[in-house]
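K.L.:
what's the 3D shape of this:
(chains A and B)
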Amino acid sequence: MIAEGGLAALWLAAALSLLQLFLGIAALRPGGAHLLRVVRPLAVAQGLLAALAFLILIWLFLRTDLSVQLVAANSHSAKPWLYKFAGSWGNHEGSMLLWVTVLAVAGAAVAALERRLRQDTLIATLAAQAAIALGFYAFLLMASNPFTRLSPVPVEGNGLNPLLQDPGLAFHPPTLYFGYVGISIAFSFAVGALVTRDVGPAFARAMRPWILAAWIFLTIGIVAGSYWAYYELGWGGWWFWDPVENASLMPWLAATALLHSVTVLATRDGLRAWTVMLAVVAFSMSMIGTFLVRSGILTSVHAFAVDPQRGAFILALLILYIGGALALFGLRIGTVKEGSQFDPVSREGALVANNLLLTVILGIVFVGTLYPLAVEAVTGEKLSVGPPYFNAAAGPVALVLVAIMGAGALLRWRSDRVKALGNRVLIPVLVTALAFAALLVFAPDAGILPLLGLSLAPGVAAASVAPLWKRNLRRTPIFIYGMVIAHLGIAVSMAGMAMESAFTKETLVAASPGQIAHVGDFSVRFDGVEPIAGPNWTAVEGRLTARRGENGREFQLRPQARMFSSPPTPTSEAAITTHWNGQLYVAIGEEDEQGRWQIRLWWKPFVTLIWFGGIMVALGGLLSLIGRLRRERKIAPKVDADAPAEPEAVPA
Amino acid sequence: MKRRFIIWVPLTVFVVFAIIFAIGLYAPVARTVPSALIGQSVPEFELAGALPGRPGLSSGSLRRGEPRVVNIFASWCIPCRAEAPQLEALARRGVPIDGIAVRDRPQDLAAFLTTYGDPFATIGADNDRQVQLNLGSAGVPETFVIDGQGIIRHQHIGAITNADVPAILAAWEAAR
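P.N.:
The predicted model follows:
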């Protein structure tokens, strides 16, 4: 009966979303304002029901109820409990339920917490969120029911894809989805504001915390996914330009642009149409990503549901929602008055440049991801687009973007003088020039992109901290700290990427026991292999002893080649040791015909900075969110659409 | 009026991509990537017999008017053991099969054939992997269907499972 309970909760949530949509539309008609009191609790109830359905699915997985088809196909009674728990979203139906749950819970959160938005805009926003939810409930219930029963009941389940049997699964998909689907809020806000013609600073200030919250989760999700791929796949890379990685990067790029343009709208009432457009684009990218992953149209390590029927269903939803929102944009944005104007040399000007460059990168990733599909649709030819295209095309743009990011935060709002900016960026420019000269001398063959990235990083780091210069640090608003830490995080992450790309050392050996291999300044001795057994796998574990330099302390490395029993799949568990200036990464392959083992060794200097920087970016977002919310509370909650734009604190 | 035009650009772009998605969704999907060597002639090679007293394999013997199957394998390769019954099944249907043993030792090879069956008409010894690479094969096992003129008609990468037998048989029948 438990599974039926979940199904009932899902149907009920779908019914409530339909009701929410109709009441929302009715409430927007003259004399319907009193309906808001009904729409808010409806949205909350809908969110709770979706969450209940999801909790029930987790419960079914935890107790391995094999009479449920999804559990039998993706779980196994001998699996550790963590993977039973996380396995509930390690498959198409379960992850789609998580998707819809996040959508509904985000809508419920807006209904419960949003107090500053104009009432009619809030109703329109909740109606839009309900419309999206309704389509995806229909998709779940008609084409991807997670609660389908199985008869006869099998004695054992098929088990979870071993690549997913990692603590990363418990963490990466939920955080990613909270951002990836949570950004739907921005989409609904934009649609709501277009319907009520309420695009202005008050609207932007109401929308900003929601965007920030989703963006923080998205950032953490991407960083976690990158680190997971790095240690789990055993290829030593941290980003593969896989279509599904791109599917999470594209909403992030759009949301990052949105985060900055919404600040211009909130502070200076500029970029009205552009901000609305970005809000629509960000979640559209999420929906397109969902379509790409689940239709089987592109092949990828993440693709699970290869089923054209499901693809057609989601494509219909895409056309309805994205097409609808873009058409509404076309019809309504002409009636939204132009925002206020500004000088090219100003904080706004730099933010516009930042937005355009982020959009260019988004376009590059979008085209690269979909180009094979377009070519195949037109000519039938098969091809693939790989890292050389993405790195060469997006890399230089990203460098310019980061440079402008450093300078932009030092500009005043509205209008500034080029000469004044020159004085402020003097130190960062000097730092970059020095770093560039030093690199030319000490590492001339690092490659042009890593060289530029590595020289730019310290300069941008200096420029990022500069807004705190000569300020009373105790009276500086928290959101300024947020900006500083996030921008610093970008510089740190870029330094990590550049160093990983320029200075990584790789050695591949076929080693017999006793043999010593060298990588970087490490010498690694292969002592042999041992068979070991885990809860649901067996492995060949390599025993290696490493030592740094001549007299370094010896330490053990134990990479594994694992064989999972259900389903039978080999995976590689790399052995990674972190040192103050990088990571030693060891993966073991197969035994060859002479009894030697393939061992791959990497020395990756400062590679951890990539993720450390990413976490700083997310932390900066969090501080910014806290700072904004505290300030809003201080200013007293009032619903006033025409409040004068408060100028933000500008660094001296 | 310029602004009016720009407003509709995003919708237009989206519509174009929606059409591409629809085509991609309903176009017949070929899940296998065809090898670039299909339709090409086998490169010239001459391999000595991998076992004493058994004939070796040369490219000339693949151009004698009769379509043949060439299986690249090794006694040290585990998946090759798994595909042995499927090769035997092909041989029973009258398909002539030649083997290319990669980096193998005669005594290991003889033991392998005794244990897992010997469907091979000839077995060439490819001790430096040169012929395998020239054939465009990256690993073991791999199987090629070659027509009577020595043109490669079909390539199967990895072990042959029961599900793959009909496709290989069909390719061989088509080459006759």
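K.L.:
ok, residue A:16 - contacts?
P.N.:
A:42, A:45-46, A:49 (CB atoms under 8 Å, 6 or more residues apart in numbering or on different chains). C-betas here are computed from N, CA, C, even on glycine.
K.L.:
not counting its neighbours along the chain, what's nearest it?
P.N.:
Nearest-residue entry for residue A:16: residue A:46, 4.2 Å, with adjacent residues in sequence omitted and distances by CB to CB, 6 or more residues apart in numbering or on different chains.
K.L.:
residue A:190 versus that neighbour, what's the distance?
P.N.:
For residue A:46, the distance to residue A:190 under the criterion CB to CB, to the nearest Å works out to 21 Å.
K.L.:
which one's more surrounded, those two?
P.N.:
With neighbours defined as other CB atoms under 10 Å in any protein chain shown, residue A:46 and residue A:190 compare such that residue A:46 has more, 31 against 28.
K.L.:
my guess is the more buried one contacts residue A:108, does it?
P.N.:
Yes - the pair residue A:46 and residue A:108 qualifies as a contact (CB atoms under 8 Å) at a distance of 6.6 Å.
K.L.:
quick one on the thing from earlier: quick one: contacts for the residue nearest to residue A:16?
P.N.:
For residue A:46, the contact set (CB under 8 Å, 6+ apart) comprises A:13, A:16-17, A:20, A:104, A:107-108, A:130, A:133.
K.L.:
where do the strands sit along chain A?
P.N.:
A:505-511, A:516-519, A:522-533, A:537-548, A:554-557, A:560-564, A:569-573, A:575-579, A:582-591, A:597-605 (DSSP state E).
K.L.:
returning to that earlier point: for residue A:175, see how far away the residue nearest to residue A:16 is.
P.N.:
Counting by CB to CB, the gap from residue A:46 to residue A:175 is 23 Å.
K.L.:
using PDB, write out every CA atom in stretch B:145-160.
P.N.:
In PDB, the C-alpha atoms belonging to stretch B:145-160 read as follows (Å, rounded to 0.1, in the frame of the first residue of the first chain):
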ATOM      1  CA  VAL B 145      33.600  -9.800 -42.200                       C
ATOM      2  CA  ILE B 146      35.700  -9.600 -45.400                       C
ATOM      3  CA  ASP B 147      34.200 -10.300 -48.800                       C
ATOM      4  CA  GLY B 148      35.700 -12.400 -51.700                       C
ATOM      5  CA  GLN B 149      37.700  -9.400 -53.000                       C
ATOM      6  CA  GLY B 150      39.200  -8.600 -49.700                       C
ATOM      7  CA  ILE B 151      36.900  -5.700 -48.900                       C
ATOM      8  CA  ILE B 152      36.000  -5.200 -45.200                       C
ATOM      9  CA  ARG B 153      32.200  -5.400 -45.000                       C
ATOM     10  CA  HIS B 154      31.500  -5.400 -41.300                       C
ATOM     11  CA  GLN B 155      33.400  -4.800 -38.100                       C
ATOM     12  CA  HIS B 156      32.400  -6.000 -34.600                       C
ATOM     13  CA  ILE B 157      34.200  -4.500 -31.700                       C
ATOM     14  CA  GLY B 158      34.400  -6.500 -28.400                       C
ATOM     15  CA  ALA B 159      33.200 -10.000 -27.600                       C
ATOM     16  CA  ILE B 160      30.500 -11.500 -29.800                       C
END
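K.L.:
chain B: which of the strands of chain A is closest?
P.N.:
Distances from chain B to each of the strands of chain A were compared using CB to the nearest CB; the minimum, 8.8 Å, belongs to strand A:582-591.
K.L.:
which residues touch that closest one?
P.N.:
Residues external to strand A:582-591 that are found in contact with it (CB under 8 Å, 6+ apart): A:234, A:236, A:519-520, A:522, A:524, A:529, A:540-542, A:544, A:546, A:557, A:559-561, A:572, A:574-577, A:597-608.
K.L.:
neighbours of residue A:522, how many?
P.N.:
Residues near residue A:522, counting by other CB under 10 Å, number 22.
K.L.:
what's the answer for residue A:339, then?
P.N.:
One way to gauge burial is a neighbour count; for residue A:339, by other CB under 10 Å, it gives 20.
K.L.:
check the one 4 residues further on too.
P.N.:
Look at residue A:343: counted by other CB under 10 Å, it has 15 neighbours.
K.L.:
give me the pLDDT value at it.
P.N.:
At residue A:343 the predicted local confidence, pLDDT, stands at 82.
K.L.:
list the contacts for it?
P.N.:
When the contact criterion is CB under 8 Å, 6+ apart, the partners of residue A:343 are A:349, A:414-416.
K.L.:
ditto for residue A:218
P.N.:
Taking CB under 8 Å, 6+ apart as the definition, contacts of residue A:218 comprise A:176, A:178-180, A:182-183, A:248, A:251-252, A:255.
K.L.:
kindly report the same for residue A:73.
P.N.:
Contact analysis of residue A:73 by CB under 8 Å, 6+ apart lists A:91, A:157-158.
K.L.:
try 7 Å this time
P.N.:
Residues near residue A:73 by CB atoms under 7 Å, 6 or more residues apart in numbering or on different chains: residue A:158.
K.L.:
likewise for residue B:57?
P.N.:
B:47, B:98, B:100, B:122, B:124.
K.L.:
once you drop chain neighbours, what's closest to it?
P.N.:
Nearest residue to residue B:57 in three dimensions, chain neighbours excluded: residue B:124, at 3.4 Å (CB to CB, 6+ apart).
K.L.:
then residue A:161?
P.N.:
Closest residue in space to residue A:161, ignoring its immediate chain neighbours: residue A:90 at 6.7 Å, by CB to CB, 6+ apart.
K.L.:
the one you found reaches residue A:163, doesn't it?
P.N.:
No - with contact taken as CB atoms under 7 Å, residue A:90 and residue A:163 are classed as non-touching, separated by 9.5 Å.
K.L.:
what does chain B put close to chain A?
P.N.:
Counting by CB under 7 Å from any CB of the partner chain, the positions of chain B adjacent to chain A are B:4, B:7-8, B:10-11, B:14, B:17-18, B:20-27, B:33, B:76, B:103.
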